[in-house]
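Visitor: Following is a predicted model, sequence given first.
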Amino acid sequence: MPVQILSGDPPRSRLLALLLILIVVLLAIAPFAFPGPRALAVAAKILVFIVLVASYDLLLGYTGIVSFAHTMFFGIGAYGVAIASTRMEPGWAAVGTGVALALGVSLLFALLIGLASLRVRAIFYAMITLAVAAAFQTLSSQLSALTGGEDGLNFKVPALLRPAYRLFAEPVLGLRIDGRILTYYLIFFAALVLFLLLLRIVNSPFGRVLQAIRENPFRAEAIGYRTVIYRSASNVLAALFATLAGALYALWLRYNGPDTTLSFEIMLNILLMLVIGGMGTMYGAVLGATLFVFAQSYLQDGLQILHQGATSLGPLAPWLEPLLTPERWLLWLGVLFVLSVYYFPGGIAGKLRRTP
């Protein structure tokens, strides 16, 4: 199996392997199988959040570090591309410069946060990262000359990725291959490579040390591992992968603002995706991001259909109609989350990996 060759850690469950293959195949053929801008936007968001959630799993699931600053690095990546593309001639040079500068800034911030506060345990470290993330979001809103403030930045992507670009004169399998489709496949292959790299990292000797630190940091220190160095390295790697996810998201949206990549709501969503999918598995990031983004995007539509059907239920209609109104989609999303945690306490991937 390719995954076993790349990481030494296969899914260990036929059902989990089938689900992962199904998700990858559907995402690979999404432009052809699910035509339309909305479906393509949902698929692109799933790909970006798979990388983002997997990078957070490296931090929380494998190292045991609770950080609320992950969206800060996500936003740095997006702002790096947006700022460079507005200040330079739009093109690949601007994108490359923005990504390089964003990685440099994220590296610096991750080192400072890691070295300054990784000796602090549990809730105290989490509060420090929350304060840093909140300060960064406020700063990005106030530096309007650089970041566009609350309005954010609209920018042009390279000509190859623009909707007006046509790769072929005629449609391929009924689909016109334009710059938007090329952007999607750029994100698809980048997300695939980044996820496989993360999978390789957590199953390397370095990843095994991180898991040892998660289980018992004092024992890991006692047998000779400098836990602060390993935890700092984990913090840096997670930040860099989150930065790359932010750059991909900015390329897709061709826009970035404080609420798009830096809001605390995104941080909560990442946590929910990780808990639903399963911490400490990496595969859980694929399942959690896919299920959550899909539910977030289409739950209202499903409730609308159920609400219309509830009118034909006679005496039950007055009871069901208020519960099935599309405006209550967050309520049902919460119910689905509670049910998933109740029936899959270790996450879906964790449960399936224990069931061959």
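Guide: Cool, the structure landed.
Visitor: Need the nearest residue in space to Leu143, chain neighbours excluded.
Guide: With sequence-adjacent residues excluded and distances taken as C-beta to C-beta, 6 or more residues apart in numbering, Leu143 is closest to Gly149, at 7.4 Å. All C-beta atoms are positioned from the backbone trio N, CA, C, and that covers glycine.
Visitor: Might one say that the one you found is in contact with Gln137?
Guide: No. Contact criterion C-beta atoms under 8 Å: Gly149 and Gln137 do not qualify, at 11.9 Å.
Visitor: So between those two, which is more surrounded?
Guide: Neighbours around Gly149 and Gln137, counted as other C-beta atoms under 10 Å, are more numerous at Gln137. The numbers are 19 against 15.
Visitor: What lies in contact with the helix or strand hosting that one?
Guide: For Gln137, the enclosing helix or strand under DSSP states H and E is helix 122-142. Under the contact criterion C-beta atoms under 8 Å, 6 or more residues apart in numbering, helix 122-142 has outside partners 65-69, 71-72, 75, 79, 109, 113, 116-118, 120, 147, 149-150, 258, 262-264, 267.
Visitor: Please, where are all the strands along this structure?
Guide: In the chain, the strands defined using DSSP state E lie at 153-154, 255-256.
Visitor: So which of these is the most surrounded?
Guide: Neighbour counts (mean count of other C-beta atoms under 10 Å) averaged over each of the strands of the chain peak at strand 255-256, with a mean of 22.
Visitor: Direction included, what does that strand pair against?
Guide: Next to strand 255-256 in the sheet, as set by DSSP bridges, lie strand 153-154 (antiparallel).
Visitor: what mean pLDDT does the strand it pairs with have?
Guide: Mean pLDDT, strand 153-154: 94.
Visitor: Work out the gap between it and the centre of the chain.
Guide: 21 Å (C-alpha atoms, centre = their mean, to the nearest Å).
Visitor: Also stretch 250-258?
Guide: Counting by C-alpha atoms, centre = their mean, stretch 250-258 comes out at 15 Å from the chain centroid.
Visitor: Mind checking the pLDDT average for that stretch?
Guide: 95.
Visitor: Do me a favour and get the end-to-end distance for stretch 271-286?
Guide: 13 Å (C-alpha to C-alpha, to the nearest Å).
Visitor: Can you give the distance of it from its chain's centre?
Guide: 11 Å.
Visitor: just stretch 298-312 next, same as before
Guide: Its chain's C-alpha centre and that of stretch 298-312 lie 29 Å apart, by C-alpha atoms, centre = their mean.
Visitor: Could you list which of the contacts of helix 122-142 belong to helices?
Guide: The members of these that map onto helices under DSSP state H are 71-72, 75, 79, 109, 113, 116-117, 147, 258, 264, 267.
Visitor: Looking at the residues you listed, which gets the smallest pLDDT?
Guide: Ser117 (61).
Visitor: who touches stretch 332-339?
Guide: Stretch 332-339 is contacted from outside by 272, 275-276, 295-296, 299, 303, using C-beta under 8 Å, 6+ apart.
Visitor: let's see 7 Å
Guide: 272, 276, 295-296, 299, 303 (C-beta atoms under 7 Å, 6 or more residues apart in numbering).
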